[in-house]
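Asker: Following is a predicted model, sequence given first.
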Amino acid sequence: MKLFSIFFILILFLNACGQTSTNNEKKIIVKSNRNELSTTQNHYQLSDFLDDNKTLEKEVEHLFSQLDDTSIVAQLLMPAIGRLGQTETVIDKLVKNRMIGGLLMLNGTKEQFTQYTKKYDEWNKENEHPLFLYSADAEPSLINRKIIGSKQVKKANEMKNLQEVLQYTDTICSDLLSIGINYNFAPVVDMSPNKTVGFRSFGNIPSNIIPWSEAFIQTSQKQQIIATAKHFPGHGLVSGDTHKALQVIDGELRELKTYPPLIESGVLSIMIAHIAVKNNPIYDTKGLPSTLSPLIVTDLLRKQMGFNGLIVTDAMNMGGVSSFKNASVMAIDAGCDILLMPLNSEKAFSEILAKYRNDSAFKNKVDIACKRILRMKMCLNRVQ
């Protein structure tokens with residue numbers, strides 16, 4: 001009888017433990033506080049991003065509904081940290097105040113950048129803020145200069161065959177993954193005549209640009225690193241440097257033909273150049289850089305070319321765009337999803353938030369961009 005009583009008590013105890021576990025699971029999945037971010041039970045891959053996945057769409061909508069307007073706007077801002085970026089003190093403040101949604105690692109060591117990704121992931125978890133997209137200019141021609149301690153790779157214009165492209169892309173991905181970087185602003189798909197970008201692309205042999213870029217993109221994205229085709233609508237056949245001043249495409253957009261095959265094969269990000277277009281009967285930007293032109297970003301890239309991935313600006317501190325008043329707001333209004341390296345992130349955040357609260361059409365654009373970013377973060381399992 002005593003043995004039976006002990007057995008019965010044990011059964012009750014185990015049953016109670018099972019009920020507690022179930023209740024705890026419900027608390028994790030269904031959050032009662034709107035400011036807390038609910039987790040998802042589904043695990044996605046980057047290959048899911050462009051698919052018509054109703055479950056993923058519902059989860060994005062649910063996550064979006066939990067964000068207030070400041071967190072929504074924050075998703076669109078990506079400043080830089082490192083020797084050529086903001087100081088750690090400045091970034092710390094932006095992260096603590098939940099004013100950004102991503103971070104570019106710009107000129108530093110592997111060890112420094114690894115510390116940053118770990119640190120800011122912990123802060124965002126504590127702050128109940130969506131985890132960051134961490135990016136880098138990890139082009140074959142730049143990575144060894146931009147990330148000190150990365151494995152040596154050949155420059156893009158020195159690669160001899162497709163096998164080398166695949167080999168060095170794997171090497172780059174290995175370094176990025178070890179740091180925690182999930183977004184690569186590469187490959188450069190411009191033609192080679194321009195001195196600023198020529199050595200950075202596969203365009204020294206024009207017939208290689210598309211197949212080699214596709215190989216770089218697909219290899220990266222299979223390893224859960226977003227690849228970026230740049231610089232739209234084409235930087236290779238202009239003569240100047242957009243880091244210093246606005247450059248101009250005069251007439252036909254001759255490099256545009258590179259992009260449809262890359263879009264068709266699933267590139268998930270495209271970077272817009274600070275390049276104006278003139279003497280073009282359809283796509284004249286009237287003196288604006290493409291970054292600020294709805295005609296280029298929305299009408300051409302998004303609508304005509306059918307691109308559904310992330311559209312990111314080139315760095316907003318560059319000479320080709322920095323002289324334009326309200327450039328941050330204009331870039332988002334033009335249809336860009338991510339504002340890269342704004343001159344002043346706090347100012348950009350405040351300007352975008354103010355317009356978001358007072359302009360319904362602009363609010364809709366920001367909401368769509370935010371949902372696109374959240375969808376990408378879900379496909380990278382960056383949602384808590």
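Answerer: Great, that's in hand. Numbers count the residues shown, from 1 in each chain.
Asker: does the closest residue in space to residue 327 that isn't next to it in sequence sit in a helix, a strand or a coil?
Answerer: Excluding the flanking residues, the one nearest residue 327 by Cβ to Cβ, 6 or more residues apart in numbering is residue 321, at 5.4 Å. All C-beta spots, glycine's among them, are computed from the backbone N, C-alpha and C. In three-state terms, and counting by DSSP: H, G, I helix; E, B strand; the rest coil, residue 321 is coil.
Asker: Ramachandran angles for residue 321?
Answerer: Main-chain dihedrals, residue 321, degrees, to the nearest 10: phi -140, psi -20.
Asker: show me the contacts for it.
Answerer: Applying Cβ atoms under 8 Å, 6 or more residues apart in numbering to residue 321 gives the contacts 242, 246, 274, 289, 291-292, 313-314, 327, 331.
Asker: let's see 10 Å
Answerer: Each residue near residue 321 by Cβ atoms under 10 Å, 6 or more residues apart in numbering is listed here: 242, 245-246, 272-275, 288-292, 313-315, 327-328, 330-331, 343.
Asker: Also residue 86?
Answerer: Contact analysis of residue 86 by Cβ under 10 Å, 6+ apart lists 79-80, 92-94, 103-104, 106, 341, 344-345.
Asker: rewinding a little: ok, now how distant is the residue nearest to residue 327 from residue 242?
Answerer: Using Cβ to Cβ, to the nearest Å, residue 321 is found at 8 Å from residue 242.
Asker: go on, residue 150?
Answerer: Using Cβ to Cβ, residue 150 is found at 25 Å from residue 242.
Asker: And those two? Which one has more around it.
Answerer: Comparing residue 150 with residue 242 by neighbour count (other Cβ atoms under 10 Å), the higher total belongs to residue 242, at 25 against 22.
Asker: Find the nearest non-adjacent residue to that one, please.
Answerer: With Cβ to Cβ, 6+ apart, the residue lying closest to residue 242 is residue 320, at 3.6 Å.
Asker: what do you get for residue 273?
Answerer: Counting by Cβ to Cβ, 6+ apart, the residue nearest residue 273 is residue 231, at 3.6 Å.
Asker: quick one: low-confidence parts of this protein?
Answerer: Counting by pLDDT under 70, the ranges of the chain that qualify are 1-41, 193-196, 198.
Asker: Identify the single longest strand in it, thanks.
Answerer: For the chain, the strand that runs over the most residues, judged by DSSP state E, is strand 226-232.
Asker: Remind me what that strand packs against, helices and strands.
Answerer: strand 133-136, strand 183-184, helix 209-222, helix 259-264, strand 269-272, strand 310-313 (3 or more Cβ pairs under 10 Å, 6 or more residues apart in numbering; DSSP states H and E).
Asker: Can I get these in JSON lines including mean neighbour count?
Answerer: As requested, those are exported to JSON lines (neighbours: other Cβ atoms under 10 Å):
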{"stretch": "strand 133-136", "mean neighbour count": "26"}
{"stretch": "strand 183-184", "mean neighbour count": "26"}
{"stretch": "helix 209-222", "mean neighbour count": "21"}
{"stretch": "helix 259-264", "mean neighbour count": "17"}
{"stretch": "strand 269-272", "mean neighbour count": "26"}
{"stretch": "strand 310-313", "mean neighbour count": "26"}
